[in-house]
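1. Sequence and predicted structure are below.
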Amino acid sequence: MRCISCENFSLKIICNHCQEKLLRPSVSKRELDDGFVVYSFYKYDEIKKLVDSKYYFHGDRVYQVISKLSFGRFKPDFKDMVTVVPIDDHTRHGFSPTAILAKNFQHPNLKAVYGTLQATNHIKYAGKSLLYRQKHKRGFLYKGKKNLKIILVDDIVTTGLTILEAKLSMEKNGCEVLFAITLSDAKQ
């Protein structure tokens, strides 16, 4: 087998060298238009090939590795219980990238819930313009408990429209969305 990152021989989907040297996460903070904060670990350009693995059968293994390297090491200080909600975590290609990310975001006061925030309009935004994204909303439906403190999880932030739409859906259900956390940021 070959490392998906460097293509050298490896028994792991991402070799130890790439995990240690090339995939060092660096937390960045971005404010979206309404002042809402999104934390990310990588620049999209740096891990595009890995993020795009979500479209292939081996993507779940790639997401397991990069989520442990990033989400698994992010340790904010929470005194109260906070709910982690993956955005639109329905299964594609046999797995959900956002569910894997949420699972690896662990802290004693964090609890991930799955299948609670689903898009009713399954549009693909990859390569689409801002205008297209604005005209074709996801139409999120929240089926979870109300009045919770929430952290939203997604794999990539591009324009921020998906995250802001998800945040609005949560707020309509009385939830307080603290921030969002993504694997990569396409604007950095």
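-> Yes, it's here.
2. lowest confidence element among the helices and strands of the protein?
-> helix 130-135 (a mean of 77; mean pLDDT, DSSP states H and E).
3. Flag every buried residue along that helix.
-> For helix 130-135, a neighbour-count test (16 or more other CB atoms under 10 Å) marks Arg133 as buried. Glycine gets a C-beta too; all of them are placed from N, C-alpha and C.
4. could you point out which element follows that helix?
-> strand 140-142 (DSSP states H and E).
5. Flag every buried residue along that next one.
-> For strand 140-142, by 16+ other CB under 10 Å, it's 140, 142.
6. who touches the nearest residue to Cys18 once chain neighbours are set aside in this structure?
-> Take Cys18 and drop its neighbours on the chain: the residue closest to it by CB to CB, 6 or more residues apart in numbering is Ser5, 4.1 Å away. Going by CB atoms under 8 Å, 6 or more residues apart in numbering, Ser5 touches 14-15, 18, 22-23, 49-50.
7. Can you name the two of these that sit furthest apart?
-> Cys15 and Lys49 (14.1 Å; CB to CB).
8. Neighbour count: these two, which is higher?
-> Neighbours were tallied for Cys15 and for Lys49 using other CB atoms under 10 Å; the higher tally belongs to Cys15 (21 against 10).
9. Quick check on that one: phi, psi?
-> Backbone torsions for Cys15, taken as degrees, to the nearest 10, come to phi -60, psi 160.
10. same check, this time on Gly59
-> Main-chain torsions, Gly59, degrees, to the nearest 10: phi -60, psi -30.
11. is it true that it touches Ser96?
-> No - using CB atoms under 8 Å, Gly59 is not in contact with Ser96; the gap is 10.2 Å.
12. Specify the beta-bridge partners of the residue sitting nearest the centre point of the chain.
-> Centroid-nearest residue in the chain: Asp154, 2.3 Å away (criterion: CA atoms, centre = their mean). Beta-bridge partners for Asp154, by DSSP bridges, are Thr182.
13. Model confidence for it, exactly?
-> According to the predicted model, the pLDDT of Asp154 comes to 95.
14. now it: how far from Asp80?
-> To Asp80, Asp154 is 23 Å away according to CB to CB, to the nearest Å.
15. now do Lys145
-> Distance from Lys145 to Asp80, by CB to CB: 15 Å.
16. Out of those two, name the residue with the larger neighbour count.
-> Under the criterion of other CB under 10 Å, the comparison of Lys145 against Asp80 puts Lys145 first, with 12 against 6.
17. Perfect, that will be all.
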